[in-house]
Structures are given as structure tokens and as C-alpha cells.
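Peer 1: below is the structure, and that's it, no one-letter string:
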DNA sequence: TCAATTAAAGATAAATAGAGTCTTTAATAT
DNA sequence: ATATTAAAGACTCTATTTATCTTTAATTGA
Ligand code: SF4
Ligand code: SF4
């Protein structure tokens, strides 16, 4: 059981788009080159992010992707759900009345998800920028 | 990303062995029949649990599996690690200095694992037995 | 209008992991 | 010795993940 690579790519892509803070959209070529991925593959990931409303795409010349308006609220969980889907890690097909095992597994998973929901992309973008500024100012 | 079915089987198997509280070992046939699995398949799961020290096996006539001596300390996490392995859900091959993304993912995962470590199998076995007693006493 | 650019969608293929079976080997009790 | 039981290995089947290639649709700007 692992997060897919796509989730990793999606998180890095989101951060990169957010740091590209001049309103210009970023093209898939640039985003793919940065992560050494094929543009067509990353394109599928970007399409998922677009459908989830986390980024907005414009086709055509000067088109590309930019972060959605709700930029300041996007959490890690939002990105993960967009790529991995919104299902539970532990699913039992039976669902007995008052099941104790599933309860425990769900509670634990919720703890992880809550942390992922509380962590916003914008926070780590800011931290990364501060760090960079710190280095530059020396 | 999902827990494997094997993890579900392992949890149920552990609970069943623990409830079989007369010191007799339980055979794989019984455990497999209960969950409608093939004995050879469940056998692989049981071997993993044995290698992790959660249960003890004895071959031969009247052999089978019984819970390990540290019965009262076995957590959900112990069982899950035995089946899924002890790796992280999110792994980045690069490991940049002061990586922010991996930090967040790890912290969230640790929250899940902590909950799974705090929940002991013996607790839910007791709860299940209390519930059954309640029903029988009516 | 037309050509260049860019995202979206679909078909397909390769690689990996998960689920499961079958057969052989080793250990144990009677 | 023989029956019984776990362990191990080879193997198959299926689903998912990763990835590529091709076609279609939308947009800009000359
Ligand atoms: S007890 Fe819970 S997890 Fe187990 S089979 Fe019933 S519903 Fe599923
Ligand atoms: S920033 Fe962290 S997660 Fe991203 S590539 Fe570097 S080490 Fe990996």
C-alpha cells in the first residue's frame, strides 16, 4: 500500500504553479520538464486536478494552467483526493452491525486525513519562499 | 491506495485465534473455513504473522496456530505491519534537504499509525465478548 | 480566416503488485 | 510408520499503475 507516484507529481506540480505567482498560466511542458516527466503523462494528472477545481486550464496559444481562485484554501488532502479518489483505505464488503474492526481502521485513517486537511499548500509555499529569501539575503 | 485484503483477513484471523481461548492451537482449515478462504492462501498470511512473532505455529498432528505470549500487547499496527510491511505510504526518492512536502505526508501518516498502535486487539476481543454475553443473558 | 499552440480524451501497451492455486518438503503426535 | 499439519516455492490470473501515441477541441493572434 503506497501513495501513487502521481500523487507526488501532483503535489509538486501544485506547488510549482502556486510559486509561479505572476498571473500567467503555466504550460504542461514546463511543468513536465521540471519533474522530468513526459508531458502527456503529466497532462492526465493535470486534467484530474482541473476537474477537481484545484487549477484552471485554458487551451490555445498562451494557455496552460493556473491555480484556482480558492488558492488559499487548498489542502494536501484536496490534492490527494483528486488523484487517489475519495475512498477509504480499509473497506470491508460485509458491514456487520456494530463492527469493531472497521471502526478502528476508519478512526485511524480519519486522523491521517485530518492532518492532511489542516495542512494547506499555501503554507509550505510561504515557508519555501521565506527560506529562499533567507538564503538570498545573506 | 488501499489496504490489501490480506490485512483484513489477518485482523479477523488474529481475533478469532484470540477468542479460541482454550490453549489448543487452531488449524488453518478452521480459520480458512470461517472466512471462506482457501487454506493455502490463508496459510501464507499465517506464515507472515508467525514470522512477525504475533502467533506461534506447531506442525504435525494436533498442531496449528496459537497466539503469542505477548498477547495482551498486540496492536492493530503490529498486524498491519506484519502483512503490509513497514514502509512509508509516501516515499520520495530524492530526499531534498529540509523537504517540506514529505514532512507533511509523514506527519499525517504517523497520526494514523499512532492510533493503530494504541488500539489493541485484546480490547476489541473483550468488547465483542461483552456484547455476546449481553445478548446471551437476555 | 487561417495557422500555430495548447489542453482533453481515448486507445493501447508495458510494468508492477495483488490475489490465489498447486505441489513439494519438513516437522510432529500417536 | 503413518497421518496430520505448517512452510516454502513455483506458478497463474487479474487489477492497477505508469506511460506512450494519436486524435480532437479550444484559443490566440497574425
Ligand atoms: S466484523 Fe467488521 S470488518 Fe469484520 S467482516 Fe464484519 S463488517 Fe467486516
Ligand atoms: S521536495 Fe521533498 S518530496 Fe519533493 S522531490 Fe524534494 S525530497 Fe522529494
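Peer 2: Arrived safely, thanks for sending. None of the values given here were measured: they were computed from a predicted structure. Ligands and ions are numbered 1, 2, ... in the order given.
Peer 1: and residue A:49, how many neighbours?
Peer 2: Summarising burial for residue A:49: neighbours were counted as other CB atoms under 10 Å in any protein chain shown, giving 24. Just so you know, the C-beta spots here come from the backbone N, C-alpha and C atoms, and that holds for glycine as well.
Peer 1: what number of residues lie near residue A:120?
Peer 2: The number of residues near residue A:120, taken as other CB under 10 Å, comes to 18.
Peer 1: mind listing what it touches?
Peer 2: By CB atoms under 8 Å, 6 or more residues apart in numbering or on different chains, the contact set of residue A:120 is A:72-76.
Peer 1: from residue A:78, how far off is it?
Peer 2: For residue A:120, the distance to residue A:78 (CB to CB, to the nearest Å) stands at 9 Å.
Peer 1: now residue A:91
Peer 2: As it turns out, when the distance is counted by CB to CB, residue A:91 lies 22 Å from residue A:78.
Peer 1: and those two? Which one has more around it.
Peer 2: Ranked by neighbour count (other CB under 10 Å), residue A:91 and residue A:78 place residue A:78 first, with 20 against 14.
Peer 1: nearest to ligand 2: which residue in chain A?
Peer 2: Evaluated by CB to the nearest ligand atom, chain A has residue A:12 as its residue closest to ligand 2, separated by 5.6 Å.
Peer 1: packing partners of the one helix or strand residue A:106 maps to?
Peer 2: Residue A:106 belongs to helix A:100-118 when assigned by DSSP states H and E. Secondary structure elements in contact with helix A:100-118, counted by 3 or more CB pairs under 8 Å, 6 or more residues apart in numbering or on different chains; DSSP states H and E, are helix A:76-84, helix B:5-19, helix B:76-84, helix B:100-118, helix B:121-136.
Peer 1: for the lowest-mean-pLDDT helix or strand in chain A, packing partners?
Peer 2: Least confident element among the helices and strands of chain A, by mean pLDDT, DSSP states H and E: helix A:121-136 (a mean of 80). For helix A:121-136, the contact count by 3+ CB pairs under 8 Å, 6+ apart identifies helix A:5-19, helix B:100-118 as packing neighbours.
Peer 1: pipe those into CSV and attach mean pLDDT and distance to ligand 1 per row.
Peer 2: Putting the helices and strands packed on helix A:121-136 into CSV (pLDDT from 0 to 100; distance: least, CB to the nearest ligand atom, whole Å) gives the following:
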stretch, mean pLDDT, distance to ligand 1
helix A:5-19, 97, 26
helix B:100-118, 97, 15
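Peer 1: in space, what's closest to residue A:73 - neighbours in sequence excluded?
Peer 2: Residue nearest to residue A:73 in three dimensions, not counting chain neighbours: residue A:120, with 6.9 Å by CB to CB, 6 or more residues apart in numbering or on different chains.
Peer 1: neighbours around residue A:24, how many?
Peer 2: In terms of burial, residue A:24 registers 10 neighbours under the definition other CB under 10 Å.
Peer 1: helix or strand: which one has it?
Peer 2: Assigned by DSSP H and E, residue A:24 falls outside every helix and strand.
Peer 1: for it, grab phi and psi.
Peer 2: Residue A:24 adopts backbone torsions of phi -60, psi 140, taken as degrees, to the nearest 10.
Peer 1: let me see the contact set for residue A:34.
Peer 2: Listed by CB under 8 Å, 6+ apart, the contact set of residue A:34 reads A:12, A:16.
Peer 1: what do you get for residue A:10?
Peer 2: Applying CB under 8 Å, 6+ apart, the residues near residue A:10 are A:45, A:48-49, A:79, A:82-83.
Peer 1: what separation is there between it and residue A:40?
Peer 2: The value you get for residue A:10 to residue A:40, if CB to CB is used, is 16 Å.
Peer 1: and stretch A:89-101, what's buried?
Peer 2: Taking 16 or more other CB atoms under 10 Å in any protein chain shown as the neighbour-count basis, stretch A:89-101 is seen to contain the buried residues A:89-90, A:100-101.
Peer 1: between those residues, which sits nearest residue B:96?
Peer 2: Residue B:96 lies nearest to residue A:89 out of the buried residues of stretch A:89-101, by CB to CB, at 27.2 Å.
Peer 1: correct me if wrong: that closest one contacts residue B:3.
Peer 2: Yes - using CB atoms under 8 Å, residue A:89 is in contact with residue B:3, at 5.4 Å.
Peer 1: mutual contacts of the two, please.
Peer 2: A:1, A:105.
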